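Visitor: compute the structure for the input listed below.
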Amino acid sequence: VLSATPPAVAPEAAAPALAHALAAMFDAAWRASPALRRAGPERMLRSAFDELFDHLDPHSRYLTPEEALAARIRRVGQAGLGLRLGVAGGRGGRGVVVAALSPGGPAAAAGLQVGDRVLAVDGVPVSGRDLGFAATLLEGPADTDVEVRIERKGRRRAVLLRRVATLAGPVRAEARDGLLWLRIEAFADTTDEGLADALATGAGAARGVVLDLRGNRGGLLSQAVAVASAFLPGGTVALTAGRHPDATRIWEASGPDLAAGLPLVVLVDGRSASAAEIVAAALGDRGRAVVVGSSTTGKGLIQAVVPLPNGGELLVTWSQVLGPSGWPIQGIGVSPAVCTSLGAAALADDLARLSREEPPPAAGAPPVRPRRAPPPPVPLSVAEMTAMRAACPPAEGRDVDLAVARALLNAPTAYTAALAR
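Guide: Residues are numbered from 1 along each chain as shown. Below is the predicted model:
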């Protein structure tokens, strides 16, 4: 039986003894239980840590050696298939389809087409109700295979794809319609360098910048701070807070603004998470950008990565992230200044008000979070967070997001009115 750590003993001093006690318990259980030996060591470890974390923190978890390897690859750069998934029929749909393909990537080379319905990944059925899970199944180490079962015009077939290292740079840039369009797929270890190069090359000839973070599942916190810093001359990017005094920290922008103050629109959707949310919150809360799209995932925890001797890892929640205004990201996400997920009529009314430089509606308006207002003195309830997110429901990014970004950057008065929200 493991006893609680005495109050007089510091946690860091007690950790080695606790680790040895856990190892001894696992060893004794393994030798005494045939059922555990039949289950195997990985299932035993996962079950033990799941039980432990269920009483402490539902977001901390154990990664097997294979999962840890895939996570390390995602932290330093993407290994992928050159495709992006979407939901068939838009918000509310249940099917998963191929939404985009990278030219020359494994998916395109294997003959996949935009619009193909994805039925299963490595034999696991997928659904539009959990697009993030479907995308996770596709991820994995470079030079490994994954089987994708698709349907096209009623005919089904299995396609074997081989994952490769990053197909393109961390930042994709395109000059179009007098604007600089930047897309960041993930925050890996060279994202800030790619962004600096793109801005140095294209910002001078542009009258505005669009930063597309839709579908971006996050990555390195340091890279999120660096990307936000590329558009800020200084000041706060994010704050972190936790139970331990060392968990409290203020992350500052190093500057300078590499876009030289050009009007900026940030695109987000219901799949934008973690580091992508930190960037959107920083630029929106600071009044540097107009955030367009839908409410984001709401994943705002910082986790310490603890390597284990078997090659696995423990992800232990260390702190939560707050935007510059003090609002937490976890559970709430980022609320866009211009919502595109409430339908065409609502969006048209919103844009019309902005063109007349009218303030947002007050009486009877849904409880959208004021972007730069201070947070309430007590944490929000689950019902309150749900109501805030329902004011601009999370949705998959669509072409209308691009059209809104273009319209705002082509209409300075509307852009300024949206920036003030």
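
Visitor: ramachandran angles for the residue positioned nearest the centre of the chain?
Guide: For the chain, A273 is the residue whose C-alpha lies nearest the centre (C-alpha atoms, centre = their mean; 1.9 Å). Geometry field for A273 lists phi and psi as phi -140, psi 160, criterion degrees, to the nearest 10.

Visitor: how about the secondary structure of the nearest residue to it once chain neighbours are set aside?
Guide: Leaving out its chain neighbours, the residue that sits closest to A273 by C-beta to C-beta, 6 or more residues apart in numbering is T297, at 3.8 Å. C-beta: built from backbone N, CA, C; applies to glycine. Here T297 takes the coil state, with states given by DSSP: H, G, I helix; E, B strand; the rest coil.

Visitor: how near is the residue nearest to the centre of the chain to I332?
Guide: Between A273 and I332 the computed distance is 13 Å (C-beta to C-beta, to the nearest Å).

Visitor: name the residues contacting each of these two.
Guide: G298 (C-beta atoms under 8 Å, 6 or more residues apart in numbering).

Visitor: list the buried residues in stretch 250-268.
Guide: With burial defined by 16 or more other C-beta atoms under 10 Å, the residues of stretch 250-268 counted as buried are W251, A253, D257, L258, A259, L262, P263, L264, V265, V266, L267, V268.

Visitor: likewise stretch 383-395?
Guide: Under the neighbour-count criterion of 16+ other C-beta under 10 Å, stretch 383-395 has M385, M388, R389, A391, C392, P394, A395 buried.

Visitor: what of stretch 21-29?
Guide: With the criterion 16+ other C-beta under 10 Å, stretch 21-29 contains no buried residue.

Visitor: could you pull out the helices in this protein for me?
Guide: Here the chain has its helices, by DSSP state H, at 11-32, 34-39, 41-54, 65-76, 106-109, 131-138, 191-202, 221-229, 275-285, 344-355, 382-390, 399-410, 412-419.

Visitor: out of those helices, which comes closest to V164?
Guide: Smallest distance to V164 across the helices of the chain (C-beta to C-beta): 6.1 Å, for helix 106-109.

Visitor: any low-confidence regions in the protein?
Guide: Applying pLDDT under 70 to the chain flags residues 1-19, 54-58, 70-79, 89-93, 132, 165-169, 359-374, 376-378.

Visitor: which strands and helices lie in contact with the strand ranked longest in the chain?
Guide: The strand that spans the most residues within the chain, counting by DSSP state E, is strand 313-322. For strand 313-322, the elements it packs on are strand 61-63, helix 65-76, strand 236-241, strand 301-307, judged by 3 or more C-beta pairs under 8 Å, 6 or more residues apart in numbering; DSSP states H and E.

Visitor: quick one: residues in contact with it.
Guide: Strand 313-322 is contacted by residues 49, 57, 59-63, 67-68, 71, 221, 238-242, 244, 247-249, 277-278, 300-308, 328-330, 375 when judged by C-beta under 8 Å, 6+ apart.

Visitor: ok, now with 7 Å
Guide: For strand 313-322, contacts defined as C-beta atoms under 7 Å, 6 or more residues apart in numbering pick out 49, 57, 59-63, 68, 71, 238-242, 247, 278, 300-308, 328-330.

Visitor: list buried residues within these.
Guide: Among those, those classed as buried by 16+ other C-beta under 10 Å are 49, 60-63, 68, 238-240, 278, 300-303, 308, 328-330.

Visitor: for A135, which non-adjacent residue is spatially closest?
Guide: Spatial nearest neighbour of A135, chain neighbours left out: L85 (5.6 Å); criterion: C-beta to C-beta, 6+ apart.

Visitor: let me see the contact set for that neighbour.
Guide: Applying C-beta under 7 Å, 6+ apart to L85 gives the contacts V96, V98, A99, V118, L131, A134, A135.

Visitor: dump these to JSON lines, plus neighbour count.
Guide: Listed next are the contacts of L85 as JSON lines, based on neighbours: other C-beta atoms under 10 Å:
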{"residue": "V96", "neighbour count": "27"}
{"residue": "V98", "neighbour count": "21"}
{"residue": "A99", "neighbour count": "20"}
{"residue": "V118", "neighbour count": "27"}
{"residue": "L131", "neighbour count": "20"}
{"residue": "A134", "neighbour count": "20"}
{"residue": "A135", "neighbour count": "18"}
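
Visitor: now tabulate these in TSV and tack on distance to L351.
Guide: Below are these laid out as TSV (distance: C-beta to C-beta, whole Å):
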residue	distance to L351
V96	31
V98	31
A99	25
V118	34
L131	27
A134	33
A135	31
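
Visitor: quick one: which of those residues is nearest V124?
Guide: A134 (8.8 Å).

Visitor: out of the buried residues of stretch 383-395, who's nearest F187?
Guide: Ranked by distance to F187 (C-beta to C-beta), the buried residues of stretch 383-395 are led by P394 at 20.0 Å.

Visitor: shouldn't that closest one be in contact with G270?
Guide: Yes - using C-beta atoms under 7 Å, P394 is in contact with G270, at 2.9 Å.

Visitor: now for the two: what residues contact both?
Guide: Contact criterion C-beta under 7 Å, 6+ apart; residues shared by P394 and G270: S294, S295.

Visitor: what's the distance between the closest residue to G293 other than its chain neighbours and G298?
Guide: Spatial nearest neighbour of G293, excluding adjacent residues (C-beta to C-beta, 6+ apart): V268 at 4.3 Å. Distance of V268 to G298, given as C-beta to C-beta: 12 Å.

Visitor: and for N216?
Guide: Separation of N216 from G298 (C-beta to C-beta): 14 Å.

Visitor: ok, A247 next?
Guide: 19 Å.

Visitor: likewise V334?
Guide: Remark: distance between V334 and G298 (C-beta to C-beta) = 8 Å.

Visitor: these two: which is more packed in?
Guide: Between V334 and G298, V334 has the larger neighbour count (other C-beta atoms under 10 Å), namely 33 against 21.

Visitor: list phi and psi for that one.
Guide: On the backbone of V334 - angles per degrees, to the nearest 10 - the values are phi -110, psi 130.

Visitor: which residues touch it?
Guide: Neighbour list for V334: V268, E277, A280, A281, G284, V291, T296 [criterion: C-beta under 7 Å, 6+ apart].

Visitor: residue contacts, the closest residue to the last one other than its chain neighbours?
Guide: Read that as T296. Of all residues beyond its chain neighbours, the one nearest T296 is G333 (3.9 Å), with distances taken as C-beta to C-beta, 6+ apart. G333 makes contacts with E277, S295, T296, T297, G298, R389, as judged by C-beta under 7 Å, 6+ apart.

Visitor: sounds good, over and out.
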